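*Asks:* have a look; sequence and predicted model below, questions after that.
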Amino acid sequence: MARFMPLADAVADNLRNGDTTAFEGFTHLIPNAAAHEAIRQGFTDLTLIRMTPDSLYDQMIGMGMAKKVVFSYAGNPGVGLLRRMRDAIENQWPRAIETEEHSHAAMANAYEAGAAGLPCAVFRGYRGAQLAQVNPNIRQVACPFTGETLAAVPSIRPDVTFIHAQKASRRGDVLVEGIIGVQKEAVLAARRAVVTVEEVVDDFAGVHPNACVLPHWTISAIAVVPGGAHPSYAHGYYARDNAAYLEWDKISADRDLFAAWMKTNVLDAGPDAFAQRVADL
């Protein structure tokens, strides 16, 4: 059942060293504030899962938090490489990490299988692709009805999932509008789920019936963090900060510059800084 609490408490109560964790958001509603709080609390040996790691996972990897990353695309969107992730892979700085790469289809199906409590996802995919040659978690199975060869991957069942959303009701239900990606499935697949939101409202009156609503019993904790998705965007609240992603390419290219930026903007900052950054857009 969802409990409202400060972000620091929500992270401390639900994330543990060595956890498999997803900070999900597909270009939109990326839970940057939650990730920054995890960085401040110094968690380590995490298996980070996300369809599209961007600067958020670049920061977590650069701070030595990750032992493994499971993903289907890794890059600074619209800009280029994740330089901290590449440094970890190529030079083991600040530590070596394992990587497990999938297609978007595989990750989406794996989350859905996890949400359904299934051990694996079966789908049409990877035909003619060579990714299975370097990823042993991509297998082939024969359909028991038609004999068709299908792809299979393990389901994704995070210990804890973090997402950002627009609104929570006072009962603890969560409303996600706009591009949803796999946030719903990532929450339903997880043992625990933490949601940061822009605001709390009495109810969701007037919301379209097809909107994504996560009921309070699927969520462990809710923290109110206005601007908590910055520099990604929150539909109906603020736009994407494209300049921040361009700036990150320069910051992340140099280890010392990266460390200085993290100290100023993450380690010495707090959740309230996100509202100010959005106000400055």
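*Replies:* Ah, there it is. All values derive from a computational prediction rather than experimental measurement. Residues are numbered from 1 along each chain as shown.

*Asks:* Thr161 is in contact with Ala186, correct?
*Replies:* Yes: proximity of Ala186 to Thr161 meets the contact threshold set by CB atoms under 8 Å, at 4.5 Å. Yep, even glycine has a C-beta here, placed from its N, CA and C like the rest.

*Asks:* joint contacts of these two?
*Replies:* Taking CB atoms under 8 Å, 6 or more residues apart in numbering as the criterion, Ala186 and Thr161 both touch 22, 24.

*Asks:* quick one: the strands in the protein?
*Replies:* 3-4, 20-23, 46-50, 66-71, 98-101, 120-123, 139-142, 149-154, 160-169, 174-176, 192-201, 212-214, 221-224 (DSSP state E).

*Asks:* name the strands paired with the first one and say parallel or antiparallel.
*Replies:* In this case it means strand 3-4. Paired strands of strand 3-4, with direction, are strand 221-224 (parallel) (DSSP bridges).

*Asks:* pull the CA atoms of the strand it pairs with into PDB?
*Replies:* Extracted in PDB, the C-alpha atoms of strand 221-224 (Å, rounded to 0.1, in the frame of the first residue of the first chain):
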ATOM      1  CA  ALA A 221       6.000   4.800  -1.500                       C
ATOM      2  CA  ILE A 222       5.100   8.100  -3.100                       C
ATOM      3  CA  ALA A 223       7.200  11.300  -2.800                       C
ATOM      4  CA  VAL A 224       6.100  14.700  -4.000                       C
END
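
*Asks:* off-centre distance for it?
*Replies:* 16 Å (CA atoms, centre = their mean, to the nearest Å).

*Asks:* got it, and stretch 89-97?
*Replies:* 21 Å.

*Asks:* again, but for stretch 245-259
*Replies:* Centroid separation for stretch 245-259 versus its chain: 21 Å, with CA atoms, centre = their mean.

*Asks:* how close does Ala88 sit to Asn137?
*Replies:* 20 Å (CB to CB, to the nearest Å).

*Asks:* out of these two, which sits in the busier spot?
*Replies:* Neighbours were counted for Ala88 and for Asn137 using other CB atoms under 10 Å; Ala88 has more, 22 against 15.

*Asks:* tell me who's in contact with the closest residue to that one other than its chain neighbours.
*Replies:* Computed as CB to CB, 6 or more residues apart in numbering, the closest residue to Ala88 that is not its neighbour in sequence is Ile97, at 4.8 Å. Contacts for Ile97 (CB under 8 Å, 6+ apart) come out as 61, 66-69, 85, 88-89.

*Asks:* just send those residues back as TSV, with pLDDT and distance to Arg277 too.
*Replies:* Below are those laid out as TSV (pLDDT from 0 to 100; distance: CB to CB, whole Å):
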residue	pLDDT	distance to Arg277
Ile61	98	22
Ala66	98	24
Lys67	98	30
Lys68	98	30
Val69	98	26
Met85	98	23
Ala88	98	26
Ile89	97	29
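
*Asks:* ok so, going back, wait, which of the strands of the chain is closest to Pro31?
*Replies:* Evaluated with CB to CB, these place strand 160-169 nearest to Pro31, the distance being 4.3 Å.

*Asks:* distance from the chain centre to the closest one, please.
*Replies:* The chain centre lies 11 Å from the centre of strand 160-169; the measure is CA atoms, centre = their mean.
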